[in-house]
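K.L.:
Could you look at this predicted model? Sequence included:
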Amino acid sequence: CDQCGECLYQKPPKESGYDCQWFYKCMRCAFLTIRMVDRGGLYRRYPTDLPCLVAAIRCGWANRSRRYAIQVFPSLCAFVCIRNVGIGKAVAETVSEQGFKPKHILVTGGCGFIGANFVRYVARNHPDVHITVLDKLTYAGNPANIDGLPRSQVELVIGDICDASLLERIVPGCDAIVHFAAESHNDNSIFDPEPFIRTNVEGTMRLLEAARKYDVRFHHISTDEVYGDLALDDPCKFTESTPYKPSSPYSASKAASDQLVRAWVRTYGLRATISNCSNNYGPYQHVEKFIPRQITSIMEGARPKLYGTGENVRDWIHTEDHSSAVWEILTRGRIGETYLIGADGEMSNIAVMRMILRLMGCAEDSFDWVRDRPGHDRRYAIDSSKLRTELGWKPVHTDFEAGLQATIAWYIDNRAWWEPAKAATEARYRAQGQ
């Protein structure tokens, strides 16, 4: 057995029920090994396993047989299933005990809030992994977010994910693409949706094509907002099977990008996964977002602002927990699968506002009400049990108040980082009546 070293028990193909020449089952760990899936000699064993299996499918083996075939590659200790084999219809799924071990990853949007925190997480916990950051450096991307990281490990490329010629230069040689880059602010998408369609939809397509061409593993970062919203009194939470029902141009563009990834997996056999995460908080978040906007307003002596009635509920997760979940999915997740990431942090906006005011030594009612956002989603809630059960992931920052206190301290200590963007951000909100 390639898994535990125990002698294997050979079962005849007919008894095993699989279309193959040899079927082995380990009596100790039940690990399955199926060798020599061979339709008339059209498929041969390749040393690089999964990529070459996909190549063999494209080259004609799949075109001759529409039967189900299963192959377990001992060198990867991975289970690979080719379903609905036919012309252009191959889906490869892998579950690996050893895991995928990238040496060079391309992180798009790696100078943004969540992307930069992921880059820092990988640099800190996996110093043997080289990281190329691709970022257009829009208003939300700040190269200072990755300052201090070793230049021998982290490289910044300034450019647009829609630039196919640029991707042709930087994707070859990468083991994986982790796709964070996105226009993500709901209010901006309501005012002008066009940049959201271009970046979130066209940009994702360009990256998928580059990943397909160079056979690069692809992980797509998405949002729970693609599922729409839940009633405030609804006991349900979003799961991987919840139907998509986006409410804003932003969430609609992310829903479209998710579906593109699924299409590339099914049609082309791209090795890809998707994660949908709840609302993030932590260091390096732009001051246009809810939590840093309130913190920095209080620091400037201004009264913070709250949309509508403040009853809208968000499911908060610390960005470091998001980063650790993405790494687990990238390295151990099943190809073609979607994983929801959440930390059971449901809290209403007014409760978060009052907590910030209290932690900063202000009266809990010292804020102003402003006009509500059009189409404002009522409640988000993530059920992350699939991620926790299948990959064993769990959040570390489970005390929201402690995490919020640390976030406040970071903004107090890093005034020079956020102050240049504050005035323009508040001017934009005032023009919108918010």
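P.N.:
Structure's in. What do you need?
K.L.:
alpha carbons only for contacts and neighbour counts from here, please
P.N.:
Will do.
K.L.:
and stretch 243-255, average pLDDT?
P.N.:
Per-residue pLDDT over stretch 243-255 has a mean of 94.
K.L.:
how far does it stretch from start to finish?
P.N.:
End-to-end distance for stretch 243-255: 11 Å, by CA to CA, to the nearest Å.
K.L.:
which parts of that stretch are buried?
P.N.:
244, 246-255 (16 or more other CA atoms under 10 Å).
K.L.:
same check, this time on stretch 399-419
P.N.:
Quick answer for stretch 399-419 (16+ other CA under 10 Å): 400, 403-404, 407-408, 411, 418.
K.L.:
ok, so of those, who is nearest residue 190?
P.N.:
Nearest to residue 190 out of the buried residues of stretch 399-419 is residue 418 (CA to CA; 24.2 Å).
K.L.:
Isn't the closest one up against residue 288?
P.N.:
No - using CA atoms under 8 Å, residue 418 is not in contact with residue 288, being 10.2 Å away.
K.L.:
neighbours around residue 138, how many?
P.N.:
12 (other CA atoms under 10 Å).
K.L.:
my bad, residue 124
P.N.:
Applying other CA under 10 Å, we find 12 residues neighbouring residue 124.
K.L.:
element containing it?
P.N.:
Here residue 124, judged by DSSP states H and E, is contained in helix 113-125.
K.L.:
Repeat that for residue 418.
P.N.:
Using DSSP H and E, residue 418 sits within helix 415-431.
K.L.:
chain center to that helix: distance?
P.N.:
28 Å (CA atoms, centre = their mean, to the nearest Å).
K.L.:
mean confidence score for it?
P.N.:
Per-residue pLDDT over helix 415-431 has a mean of 93.
K.L.:
if we can go back for a sec, and the helix holding residue 124, average pLDDT?
P.N.:
Here the average pLDDT along helix 113-125 is 98.
K.L.:
Likewise for stretch 334-341?
P.N.:
97.
K.L.:
Can you give me the end-to-end span of it?
P.N.:
First-to-last distance for stretch 334-341 - CA to CA - comes to 15 Å.
K.L.:
What are the neighbouring residues in contact with the residue nearest to residue 305 when sequence neighbours are not counted?
P.N.:
Nearest non-adjacent residue to residue 305, counting by CA to CA, 6 or more residues apart in numbering: residue 368, 4.9 Å away. Going by CA atoms under 8 Å, 6 or more residues apart in numbering, residue 368 touches 303-306.
K.L.:
and what of residue 329?
P.N.:
273, 275, 339, 391.
K.L.:
So which of those residues belong to strands?
P.N.:
The strands, defined by DSSP state E, take in 273, 275, 339 from the contacts of residue 329.
K.L.:
quick one: which of those residues is nearest residue 332?
P.N.:
Of the ones in strands among the contacts of residue 329, the one sitting nearest to residue 332 (CA to CA) turns out to be residue 273, at 10.3 Å.
K.L.:
which residues touch stretch 289-307?
P.N.:
Applying CA under 8 Å, 6+ apart, the external contacts of stretch 289-307 come out as 185, 281, 285-287, 349-350, 353, 356-357, 360, 366-373, 408, 411-412, 422, 434.
K.L.:
List the buried residues in the helix holding residue 418.
P.N.:
418, 422, 426.
K.L.:
got it, and stretch 291-310?
P.N.:
Applying a neighbour-count criterion of 16+ other CA under 10 Å, one finds 291-299, 303-308, 310 buried in stretch 291-310.
K.L.:
same deal with stretch 173-180?
P.N.:
In stretch 173-180, counting by 16+ other CA under 10 Å, buried: 174-180.
K.L.:
so how many other residues sit close to residue 361?
P.N.:
Residue 361 has 10 neighbours, counted by other CA under 10 Å.
K.L.:
if I look at it, how far off is residue 283?
P.N.:
20 Å.
K.L.:
For the one helix or strand residue 167 maps to, give me every contacting residue.
P.N.:
Using DSSP H and E, residue 167 maps to helix 164-170. Helix 164-170 is contacted by residues 159-161, 206-207, 210 when judged by CA under 8 Å, 6+ apart.
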